[in-house]
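1. prediction below, plus the sequence it came from.
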Number of protein chains: 2
Amino acid sequence: MLKTPYLLFLGDAPDQLAAKVAQGVKDWRPEFALGQLRLEGCRADLRLPEMSIADAAAAGARTMIVGAANRGGVISRNWIETLVAASRAGMDIASGLHNHLADIPELVAAAKQSGTNLFDVRVPRNDYPIADGKPRTGKRCLAVGTDCSIGKMYTALAMEKVMRARAMKASFRATGQTGILITGSGVPLDAVVADFMAGAVEWLTPDNDEDHWDLIEGQGSLFHPSFSGVTMALIHGGRPDALVLCHEPTRTHMRGLPHYTLPSLEELRELSLATARIVNPDVRVIGISVNTAALSPEEARDYLSQTEERMGLPAVDPFRDGAERLVDSLPA
Amino acid sequence: MLKTPYLLFLGDAPDQLAAKVAQGVKDWRPEFALGQLRLEGCRADLRLPEMSIADAAAAGARTMIVGAANRGGVISRNWIETLVAASRAGMDIASGLHNHLADIPELVAAAKQSGTNLFDVRVPRNDYPIADGKPRTGKRCLAVGTDCSIGKMYTALAMEKVMRARAMKASFRATGQTGILITGSGVPLDAVVADFMAGAVEWLTPDNDEDHWDLIEGQGSLFHPSFSGVTMALIHGGRPDALVLCHEPTRTHMRGLPHYTLPSLEELRELSLATARIVNPDVRVIGISVNTAALSPEEARDYLSQTEERMGLPAVDPFRDGAERLVDSLPA
């Protein structure tokens, strides 16, 4: 669990997209986003107060989030001076990049001296249990997709935001490094050892109040052969009461697999229910979340209304329209 | 890939079942089983020549297989002297137990000095690729089960034996530590990191002759919530042409999960085909393998003939009857 509030480090991010982790923190946990620190050449801007390490420490920042990736997705050499300074100033550092904070000797030394922590959020703990498949108290909703990278995290975060605004009990449960950095905790499921995947998801979504909802971040797709095992572990470990189907209507093939087409929403519904019912016979599909970014507003409206009619379920783009109607569909 | 032939080390195994790995080597790879080495108190016996380390080295043993487990499944302190002696005598050592050969300092020192290898077969290599889901040349058969530990490995090994006797091209592909020790190579799938599971299975079953069959060892079950993700990765990474359904008719609940009943063979067929067709639309279920050990010969005969009629597929107990009829059902 990361300590809040955060200083968001953007490094020398070459464009806005490279700072998407920091942008995610600002969008979904604005109350934690104290300020931004940018190096020379940085072309991303979150429109947050610019802060030096000293400014941020004085303002009470507890963790510096490495919120950007350079080309290659690794920690740059020219970032290390700043990371060391933050550590010396008493901040924890958190990163989801491929190379690890724990492998940078000068940073490890600084953290040891100042008594601060280094969090490589791609590295799982090693003591998840084996799943026991038992029902837990409280409710769980899982986003599943016709493909990877199709809006599952966004959908769950958007639902959590609506539910909190309505004073409902809701917790986004991160299962990937971006989600973990945005919300400060979670399980990096794709890095967990096979035998413990489902158990890690059970651990992440424990017994809770009967009217509490976990909004579980989906990973992969049952239809994506590279990662379908991870999705299956999420479905069985998460034991969802509600499923949201996620789709991107203009994608011509599965991500990274030009020889695989996407399944239909009907196929996704059928296979998701068939697998989820093994652990929870009462599971229901409650709605459809469509990423319509590639469509015009009019095309999007048409696609959503046609999909809604065809599937007999609310179909929304949570980015354009919000997630209210998905939340409305959750069973009591 | 382990060097053959083997000396099978039984330690002080408390009973025959504790030596099941060594028994498996003797049953399925008798040509590799040079002899057995037993310590005082050993109650297992493979009826192989008793050999000292010196005997085995003189007879040409290249690897000593730790073929037994004590209570707890770890390497006993009082085994280490023998392991060190085998290493000094020039043998590699292979073990699938929970604690690792590589963590025993005196054994590591001995192996270094003699230039031999220590194989902890539970420890995966770290460089499996991410699966690409592409078709490969050659054919693949996968055993799937209504539960874990239901005869999937036995079924695949029995089919391989029949096929080799018929001079067909066939390779058992081990995916668990017992199978790896029995056949000398494979992938310990339950220890592979989630993102690489399906890729590890693709790596294990590469392009081959068009008339070559991989007999892939199954793991877990799509219906077992603790391990279903591993099974899904096997189905998508293995891209089977043929599936064999495995079942044990007297089991009252899923292994380790008293709150889960087993699915029917029909349910297993339906979900296995639904998931396997994502990667190979031509996949077929070719037969049913039933572990009838808990039934009388007459009950077994009745159960098999009823199942055969009900499912419209050959149903055999490969232990009682051999796997000929399963092999007969493989598509050309």
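-> Arrived safely.

2. who in chain A is up against chain B?
-> By CB under 8 Å from any CB of the partner chain, the residues of chain A that approach chain B are A:130-134, A:189-195, A:197-199, A:222-223, A:225-233, A:236-237, A:239, A:256-257, A:259-260, A:263, A:270-271, A:274-275, A:278-279. Quick note: C-beta positions are derived from backbone N, CA and C, even for glycine.

3. mind listing what's buried along stretch A:9-19?
-> A:9-14, A:18-19 (16 or more other CB atoms under 10 Å in any protein chain shown).

4. which two of these have the greatest separation?
-> Greatest spatial distance among the buried residues of stretch A:9-19 (CB to CB): A:9 and A:14, at 14.9 Å.

5. centroid residue for chain A?
-> Geometric centre of chain A, nearest residue: residue A:179, 2.8 Å, by CA atoms, centre = their mean.

6. do you know how far that one is from chain B?
-> For residue A:179, the distance to chain B (CB to the nearest CB, to the nearest Å) stands at 15 Å.

7. ok, residue A:212 next?
-> For residue A:212, the distance to chain B - CB to the nearest CB - is 22 Å.

8. and that residue, what is it in contact with?
-> A:138-139, A:169-171 (CB atoms under 8 Å, 6 or more residues apart in numbering or on different chains).

9. what bridges to it?
-> Taking DSSP bridges as the rule, residue A:212 bridges to residue A:169.

10. cool, the one 4 residues further on as well?
-> Using DSSP bridges, the beta-bridge partners of residue A:216 come out as residue A:142, residue A:173.

11. I'd like to know how many residues surround it.
-> By the criterion of other CB atoms under 10 Å in any protein chain shown, residue A:216 has 29 neighbours.

12. buried residues of stretch A:283-293, list them for me.
-> In stretch A:283-293, counting by 16+ other CB under 10 Å, buried: A:283-292.

13. now do the SS call for residue A:37.
-> strand (DSSP: H, G, I helix; E, B strand; the rest coil).

14. and residue A:5, how many neighbours?
-> So residue A:5, with other CB under 10 Å, has 18 neighbours.

15. nearest to chain B, of the buried residues of stretch A:9-19?
-> residue A:18 (22.3 Å; CB to the nearest CB).

16. and the closest one, what does it touch?
-> So residue A:18 contacts A:44, A:68-70 (CB under 8 Å, 6+ apart).

17. what does residue A:147 give?
-> Counted by CB under 8 Å, 6+ apart, residue A:147 has contacts A:221, A:223-224, A:248, A:251, A:254-255, A:262.

18. break down chain A into its strands, ranges please.
-> A:6-11, A:33-38, A:63-66, A:92-95, A:118-120, A:139-145, A:169-173, A:212-216, A:242-247, A:284-290, A:315-316 (DSSP state E).

19. I'd like the mean pLDDT over the last one, please.
-> When you say that, I think you mean strand A:315-316. Mean per-residue pLDDT for strand A:315-316: 98.

20. for it, give me every contacting residue.
-> A:287-290, A:304-305, A:307-308, A:322-326.

21. for residue A:227, which non-adjacent residue is spatially closest?
-> residue A:220 (3.1 Å; CB to CB, 6 or more residues apart in numbering or on different chains).

22. state the distance from residue A:121 to chain B.
-> Residue A:121 is 15 Å from chain B, by CB to the nearest CB.

23. report pLDDT for the residue of chain A positioned farthest from its centre.
-> Distance from the C-alpha centroid of chain A peaks at residue A:113, with 32.2 Å (CA atoms, centre = their mean). In the predicted model, residue A:113 carries a pLDDT score of 97.

24. tell me which of the strands of chain A sits nearest to residue B:154.
-> strand A:139-145 (34.7 Å).

25. now the closest one: mean pLDDT?
-> For strand A:139-145, the per-residue pLDDT averages 98.

26. identify the residues contacting the closest residue to chain B within the stretch 51-200 of chain A.
-> Of all residues in the stretch 51-200 of chain A, residue A:133 sits closest to chain B, at 3.6 Å by CB to the nearest CB. Residue A:133 sits next to A:198, A:236, A:239, A:279, B:225-226, B:257, B:259-260 when contact means CB under 8 Å, 6+ apart.

27. quick one: it from residue A:299, how far?
-> In this view, residue A:133 and residue A:299 are 43 Å apart by CB to CB, to the nearest Å.

28. list the contacts of stretch A:70-89.
-> Taking CB under 8 Å, 6+ apart as the rule, stretch A:70-89 contacts A:7, A:9, A:11-14, A:18, A:37, A:39, A:53-54, A:56-57, A:64, A:66, A:93, A:95, A:97-99, A:101, A:104, A:106-107, A:110-111, A:113-114, A:116, A:118.

29. how about the helices in the stretch 1-150 of chain A?
-> Using DSSP state H, counting those that start in this stretch, the helices of the stretch 1-150 of chain A run over residues A:20-28, A:53-59, A:80-88, A:105-114.

30. the longest one to helix A:80-88, inter-axis angle?
-> Inter-element angle recorded for helix A:105-114 and helix A:80-88: 10 degrees (by axes from the mean of the first three to the mean of the last three CA atoms, to 10 degrees).

31. off-centre distance for helix A:105-114?
-> Remark: helix A:105-114 is offset 29 Å from the chain centroid, using CA atoms, centre = their mean, to the nearest Å.

32. go through it and flag the buried ones.
-> A:107, A:110-111, A:114.

33. same thing with the shortest one?
-> The neighbour-count criterion (16+ other CB under 10 Å) identifies A:53, A:56-57 as the buried residues of helix A:53-59.

34. ok, residues contacting it?
-> Counting by CB under 8 Å, 6+ apart, A:7, A:34-35, A:37, A:51, A:64, A:82, A:85-86, A:89-91 sit against helix A:53-59.

35. wait, doesn't the residue nearest to the centre of chain A sit right on residue A:185?
-> No. Using CB atoms under 8 Å, residue A:179 is not in contact with residue A:185, being 9.4 Å away.

36. spatially nearest residue to residue A:141 (excluding sequence neighbours)?
-> residue A:242 (4.2 Å).

37. next: residue A:156.
-> residue A:215 (4.1 Å).

38. so what's that neighbour up against?
-> Counting by CB under 8 Å, 6+ apart, residue A:215 touches A:141, A:143, A:156-157, A:159-160, A:163, A:170-173.

39. cutoff 7 Å now
-> A:141, A:156, A:159-160, A:170-173 (CB atoms under 7 Å, 6 or more residues apart in numbering or on different chains).

40. mind checking how far it is from chain B?
-> From residue A:215 to chain B the distance is 21 Å (CB to the nearest CB).

41. related to what we said a few turns ago, now tabulate the buried residues of stretch A:9-19 in a markdown table and tack on distance to residue A:209 and pLDDT.
-> Formatted as a markdown table, these follow (distance: CB to CB, whole Å; pLDDT from 0 to 100):
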| residue | distance to residue A:209 | pLDDT |
| --- | --- | --- |
| A:9 | 36 | 98 |
| A:10 | 38 | 97 |
| A:11 | 40 | 95 |
| A:12 | 45 | 93 |
| A:13 | 40 | 93 |
| A:14 | 45 | 92 |
| A:18 | 39 | 92 |
| A:19 | 36 | 94 |
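
42. with distance to residue B:316 added, can I get those in a markdown table?
-> Listed next are the buried residues of stretch A:9-19 as a markdown table, based on distance: CB to CB, whole Å:
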| residue | distance to residue B:316 |
| --- | --- |
| A:9 | 63 |
| A:10 | 64 |
| A:11 | 63 |
| A:12 | 65 |
| A:13 | 62 |
| A:14 | 62 |
| A:18 | 59 |
| A:19 | 60 |
